[in-house]
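Asks: Predicted structure and sequence below. I'll ask about it afterward.
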Amino acid sequence: MTDIASHRGGAMLWPENSRLAFRNSTALPVEFIEFDVHRSRDGVLLVHHDSQLGRTARGSGAIAEMDWEQLSAVPLLGTDGETIPTFEEVLDIIGPSGIGLRIEIKTRHDGGRYAGIEQAVVDVLARRGLLARTTFTSFDLPTLATLAGIAPGAPAIWLVADRHLAPARDIASLCRKAKDAGAGEIALRASKVEDADAAACHAAGIRFGVYGAHDEATIRWAFATGVTVFTTDRPDLAIALRPTAG
């Protein structure tokens with residue numbers, strides 16, 4: 001079965017990574033709710049996609065260079081007065097639903113890693129009894145390798161950036177890199193997938209998923225191809241298009 005992950009809580013339906021989006025996603029029959037975790041300068045884990053303010057939240061500046069007292073007052077654009085949520089707040093919303101957590105560990109605005117973010121995230125999930133429901137994702141292989149050491153056995157997906165597919169496309173090599181970092185799955189941007197990619201992953205013993213399946217044609221293709229899981233900004237459409245058993 002191909003699983004559906006509500007991307008940033010359903011970013012084409014509600015303001016992304018907002019409390020509203022997560023509340024509404026918990027009412028949907030999806031397997032995962034996906035969201036992104038950064039860390040403020042003073043160590044608070046928070047949920048926001050971009051490493052800097054301005055696109056979905058008012059203001060400017062890098063999250064890594066701001067304390068939580070300042071970030072906690074930043075309004076999310078398109079919401080009725082919502083502000084950036086903490087990681088714990090999002091877990092409060094999604095936790096009771098039983099839906100799987102798909103957590104992308106982000107990097108700083110300068111491309112570096114947040115010191116200690118992996119351990120901090122795992123500690124919170126373990127304390128709240130949610131680690132077994134969590135799949136970790138990252139575009140950064142060292143982040144995944146660190147998670148594999150901290151939480152061995154936790155499912156992990158390497159999100160493969162487009163730059164790794166050019167100029168030479170070598171899916172087998174990407175699978176080896178994922179395995180070396182402790183990830184059992186890779187995910188490509190849906191629009192960049194080629195016909196032989198899934199078979200190459202299966203031959204390497206790596207599961208194959210995609211991200212960015214937001215329209216009807218791409219969602220139908222993801223189901224027909226039998227990818228492990230796909231992220232979508234339109235979880236409602238994915239649910240409507242999901243093939244019925246039998």
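Replies: Thanks, I have the structure now.

Asks: Send me stretch 212-220 as CSV with only the CA atoms.
Replies: Below are the C-alpha coordinates for stretch 212-220, written out as CSV (Å, rounded to 0.1, in the frame of the first residue of the first chain):
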residue,chain,number,x,y,z
GLY,A,212,5.9,16.9,-4.2
ALA,A,213,2.9,15.0,-5.5
HIS,A,214,0.4,17.9,-5.5
ASP,A,215,-1.8,17.4,-8.6
GLU,A,216,-4.2,14.7,-9.8
ALA,A,217,-1.9,13.3,-12.5
THR,A,218,1.1,13.0,-10.2
ILE,A,219,-0.9,11.5,-7.4
ARG,A,220,-2.5,8.9,-9.7
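
Asks: quick one: P243 and F223 touch, right?
Replies: Yes: using CB atoms under 8 Å, P243 is in contact with F223, at 5.6 Å. Bear in mind the C-beta positions are built from the backbone N, C-alpha and C, glycine included.

Asks: Which one's more surrounded, the two?
Replies: Taking neighbours as other CB atoms under 10 Å, P243 and F223 compare with F223 leading, 18 against 10.

Asks: A132: how many residues sit nearby?
Replies: A132 has 12 nearby residues by other CB under 10 Å.

Asks: Quick check: it vs T218, distance?
Replies: Here the criterion is CB to CB, to the nearest Å. By it, A132 lies 30 Å from T218.

Asks: now P167
Replies: Counting by CB to CB, the separation of P167 from T218 is 25 Å.

Asks: partner residues bridging E104?
Replies: For E104, the beta-bridge partners are D36, T137 (DSSP bridges).

Asks: check contacts around it.
Replies: 34-37, 136-138, 159 (CB atoms under 8 Å, 6 or more residues apart in numbering).

Asks: now swap in E34 and tell me
Replies: 5-9, 102-104, 137, 231.

Asks: what about this protein, any weak spots by pLDDT?
Replies: Within the chain, the stretches with pLDDT under 70 are 245-246.

Asks: in what helix or strand does D50 lie?
Replies: Here D50, judged by DSSP states H and E, is contained in no helix and no strand.

Asks: Would you confirm that it contacts T56?
Replies: Yes: with contact defined as CB under 8 Å, D50 and T56 form a contacting pair (6.7 Å).

Asks: neighbours around D162, how many?
Replies: 10.

Asks: right, and it touches K192 too?
Replies: Yes: if you go by CB under 8 Å, D162 and K192 touch, sitting 5.8 Å apart.

Asks: where does R113 land in three-state SS?
Replies: Secondary structure state of R113, per DSSP: H, G, I helix; E, B strand; the rest coil, is coil.

Asks: From what I see, it and L141 are in contact.
Replies: No: judged on CB under 8 Å, R113 makes no contact with L141 at a distance of 11.0 Å.

Asks: Same list (the contacts of E104) but as a markdown table, adding distance to A126.
Replies: Formatted as a markdown table, the contacts of E104 follow (distance: CB to CB, whole Å):
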| residue | distance to A126 |
| --- | --- |
| E34 | 20 |
| F35 | 18 |
| D36 | 20 |
| V37 | 15 |
| F136 | 13 |
| T137 | 18 |
| S138 | 19 |
| L159 | 23 |
